[in-house]
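J.: Structure, please.
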Amino acid sequence: IMAGETEEECKSIFTVTFWISVFFVFCACTILMAISPLVKLFDAGINYITACILVGCLTVFNLLSALLAIYMNRKGLNRALVINSIIGALATLCITVPLGFCKIGMYGMYLAAVISAMLCSFLMIRKANPFKKITISDMKNVFRTQKKYVIYQYPANIIDTITYQAPTQVYSNVFGNDALGGYNMSEKILGLPSRLIATPINTVYFRTATEYTRENKDLSKFTFRLLMYILLIAFIPMVITILFAEPIFTFILGADWGEAGQYASIMILYYVFRFCTTSVSYCRVVIGKQTTNFLMSFLNLAVVAGSLAFGILLFQDILYAILCFVIGYSFLILIDLTITLKCLGKYWVKFLFFSLIYWIISVALILIVVFLI
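T.: Here you go, the predicted structure:
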């Protein structure tokens, strides 16, 4: 959508992408409901068939909202994007609370999420409608001109989603849901900067990178400086979190959440590097390196699976399993960011040298804190 050369091409890509996504979601929901008498792949806390339908609706509207955000980003409608995200958050809150008073439990949570996503999508379509009538010829043309995305980026996105969700699923199955309380709390708190800051940075970076590439400008310096600023700004807060997360969590949330603070003191390194990769995640897509993304997605999955297996089998303790995951995956993100700069042609040696020292110091601090617990 962002790479389309004309408005008509962007609308064709948008419309084809959306309806194909709807088709896949429909097929997935149908399969989940069809096999439900034999196996239920998740527990949503409500009737399974109803959950499949609600999750399917939520997925469709979240997809629509994400695609619309990219289209509006292309058109430079930053103010509308910010306002829309605020309205979406407020809508979720204002819908969830009354439904909570009605005591309909998880149904209310799902309904609030679906209605909020619908509202966000409706508001964006009113501001800039990218839908158009498409033909079979339009679909063939999109697949032909954007085949790198279809062949490489689609599978890479699926694998990356599995990789991202793997730790929570593995910890739940191995250590039980009770052990996930502290992990989920630390993840929610540490993930706030990524959701509130990294995503808007990524939005601006995506458009800027597209413009730089289209105009044959040097994108490497811009990317290198952005990554360096993030790492430097994050260093002091990261050190404070590593050293004092447990007493901070205990003081703010209560004594029962001290364990979440222990996890946070380890996971902060992963979230700092993830903030970096979230901010520039579209870089290789913009410069046409979908093949690299495809190969790296397999490596990411292998490293995450290996680090989780190593931590669980060797230590059989969730704290040390998280430690192994964070050390392994943060190092891989470091390499991944270096490869991104290598693809851009400059500054990758400087970044590798600096980020490696940064990573070693951080890991050393984490290990000192962990073994002093």
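J.: Could you list the buried residues of the one helix or strand residue 335 maps to?
T.: Element membership for residue 335 (DSSP states H and E) is helix 318-344. Residues 318-334, 336-344 are the ones in helix 318-344 that count as buried (16 or more other Cβ atoms under 10 Å). C-betas here are computed from N, CA, C, even on glycine.
J.: Residue ranges in this structure under the pLDDT threshold?
T.: Applying pLDDT under 70 to the chain picks out residues 44-45, 81-82, 85, 89, 91-93, 95-108, 177-179, 195-196, 373.
J.: What's the biggest helix in it, counting residues?
T.: Counting by DSSP state H, the longest helix found in the chain is helix 219-253.
J.: tell me the contacts of residue 110?
T.: Applying Cβ atoms under 8 Å, 6 or more residues apart in numbering to residue 110 gives the contacts 44, 46, 51, 54-55, 58.
J.: Show me which of those residues are buried.
T.: 44, 51, 54-55, 58.
J.: Could you export those as a markdown table, including distance to residue 216 and secondary structure?
T.: Converted to a markdown table, these look like this (distance: Cβ to Cβ, whole Å; DSSP: H, G, I helix; E, B strand; the rest coil):
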| residue | distance to residue 216 | secondary structure |
| --- | --- | --- |
| 44 | 49 | coil |
| 51 | 50 | helix |
| 54 | 47 | helix |
| 55 | 44 | helix |
| 58 | 41 | helix |
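J.: need these in JSON lines with distance to residue 252, can you?
T.: Putting the buried ones among the contacts of residue 110 into JSON lines (distance: Cβ to Cβ, whole Å) gives the following:
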{"residue": "44", "distance to residue 252": "30"}
{"residue": "51", "distance to residue 252": "33"}
{"residue": "54", "distance to residue 252": "33"}
{"residue": "55", "distance to residue 252": "33"}
{"residue": "58", "distance to residue 252": "31"}
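J.: buried stuff in stretch 208-226?
T.: 208-210, 212, 219-220, 222-224, 226.
J.: Please identify which of the residues you listed is nearest to residue 271.
T.: residue 226 (17.1 Å; Cβ to Cβ).
J.: Do a quick rundown of the strands in the stretch 251-373 of the chain.
T.: Under the criterion DSSP state E, counting those that start in this stretch, the stretch 251-373 of the chain contains no strands.
J.: All the helices of it, in order from the start?
T.: 258-279, 283-286, 290-315, 318-344, 348-372 (DSSP state H, counting those that start in this stretch).
J.: Which of the buried ones among the contacts of residue 110 sits closest to residue 38?
T.: residue 51 (16.6 Å).
J.: Now do the contacts for the residue lying closest to residue 250 once chain neighbours are set aside.
T.: In space, and not counting its chain neighbours, residue 250 is closest to residue 258: 4.6 Å by Cβ to Cβ, 6 or more residues apart in numbering. By Cβ under 8 Å, 6+ apart, residue 258 lies in contact with 246, 249-250.
J.: Most neighbours of all those, which one?
T.: residue 249 (26 neighbours; other Cβ atoms under 10 Å).
J.: Hmm, that one is touching residue 255, no?
T.: No. Here residue 249 lies out of contact with residue 255, judged by Cβ atoms under 8 Å, at a distance of 9.6 Å.
J.: ok so, going back, residue 65: which of the buried residues of stretch 208-226 is nearest?
T.: Among these, and counting by Cβ to Cβ, the member closest to residue 65 is residue 210, at 20.3 Å.
J.: What strand or helix carries that closest one?
T.: helix 199-214.
J.: who touches that helix?
T.: So helix 199-214 is contacted by 2-3, 69-70, 73-74, 76, 78, 81-82, 217-219, 222-223, 226, 278-283, 286-287 (Cβ under 8 Å, 6+ apart).
J.: just stretch 5-12 next, same as before
T.: By Cβ under 8 Å, 6+ apart, stretch 5-12 touches 1, 4, 71, 74, 130-132, 134, 138, 141-142, 145.
J.: Emit the PyMOL select command for whichever of these are buried.
T.: Buried residues within the contacts of stretch 5-12, by 16+ other Cβ under 10 Å, are selected in PyMOL with:
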select buried, resi 1+4+71+74+130+134+138+141+142
